[in-house]
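Trainee: Sequence unavailable; structure follows:
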């Protein structure tokens, strides 16, 4: 079976510090990978998606970047965090080429920038 | 932008059926209707999806109108653990960004004892 792992579960970081959130998927190959963010009291916003190693598409301009160094690894980064980067970050995967299937989400990382 | 319209909130008595409506009047012929839910502080959970026919699984039933412009998610016997935000999403069988799952504001379902 397929599983998705995200860590850490919670993170408190000062403004201006760097960020690295990691997501890995097990039990599948060539997945599509996604990063979403949910700011407090708001909906889920798609930040990045990837259809393969090194292939990253950004949905919104922001202070964040994403990388996919391995097939089942997706990393969300920032060089200098802003207060507005606080939120609930979710990684998800879907089957490539099987668009009728849904997404499976990780358990999320709650980031608080102070 | 989300292609669906949902009521912002609904209440349901425990043990009764919860019927959550969704309008998607601009849906295209190859677009699916997906339902997810998000329990507080957790990642969204897939519930069900359909194209034209009604669908049922162990969690819920999905009723899609014949013109496909609206649908209803039915939780047959709601429990307190079904309290969550329910998202109705239209997603096309496209490659690239057009095939991505875009969430709207959803319906906050509160199941009351």
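Mentor: Looks like it arrived, so ask away. All values derive from a computational prediction rather than experimental measurement.
Trainee: Now residue B:3: closest residue in space, sequence neighbours ignored.
Mentor: The shortest distance from residue B:3 to any residue other than its chain neighbours is 4.4 Å, reached at residue B:90 (C-beta to C-beta, 6 or more residues apart in numbering or on different chains). Heads up, the C-betas are built off the backbone N, CA and C, glycines and all.
Trainee: interface residues of chain A facing chain B?
Mentor: With the criterion set to C-beta under 8 Å from any C-beta of the partner chain, chain A comes near chain B through A:34, A:36, A:43-46, A:49, A:57, A:59, A:88, A:90, A:92, A:94, A:99-100, A:102-108, A:110.
Trainee: hmm, 7 Å instead?
Mentor: A:43-44, A:46, A:49, A:57, A:59, A:90, A:99-100, A:102-108 (C-beta under 7 Å from any C-beta of the partner chain).
Trainee: ok now do the residue of chain A found nearest chain B, which residues does it touch?
Mentor: Residue of chain A nearest chain B, by C-beta to the nearest C-beta: residue A:105 (3.4 Å). Listed by C-beta atoms under 7 Å, 6 or more residues apart in numbering or on different chains, the contact set of residue A:105 reads A:90, A:92, B:43, B:44.
Trainee: any chance you could map the strands in chain A?
Mentor: For chain A, applying DSSP state E gives strands covering A:3-7, A:10-13, A:19-26, A:32-38, A:44-52, A:55-58, A:65-70, A:73-78, A:87-94, A:104-105, A:109-113.
Trainee: neighbouring contacts of the first one?
Mentor: Spelled out, that is strand A:3-7. By C-beta under 7 Å, 6+ apart, the list of residues contacting strand A:3-7 from outside reads A:22-27, A:91, A:93, A:104, A:106-109.
Trainee: For that strand, what does the pLDDT average out to?
Mentor: Mean pLDDT, computed over strand A:3-7, is 93.
Trainee: Closest residue of chain B to chain A?
Mentor: Closest point on chain B to chain A, by C-beta to the nearest C-beta, is residue B:43, at 3.4 Å.
Trainee: Does that residue touch residue A:106 like I think?
Mentor: Yes: Residue B:43 lies in contact with residue A:106 (C-beta atoms under 7 Å); the separation is 5.7 Å.
Trainee: What confidence value was assigned to residue B:93?
Mentor: Reading off the model, residue B:93 has pLDDT 63.
Trainee: low-scoring stretches of chain B, by residue?
Mentor: For chain B, applying pLDDT under 70 flags the ranges B:1-2, B:93-98.
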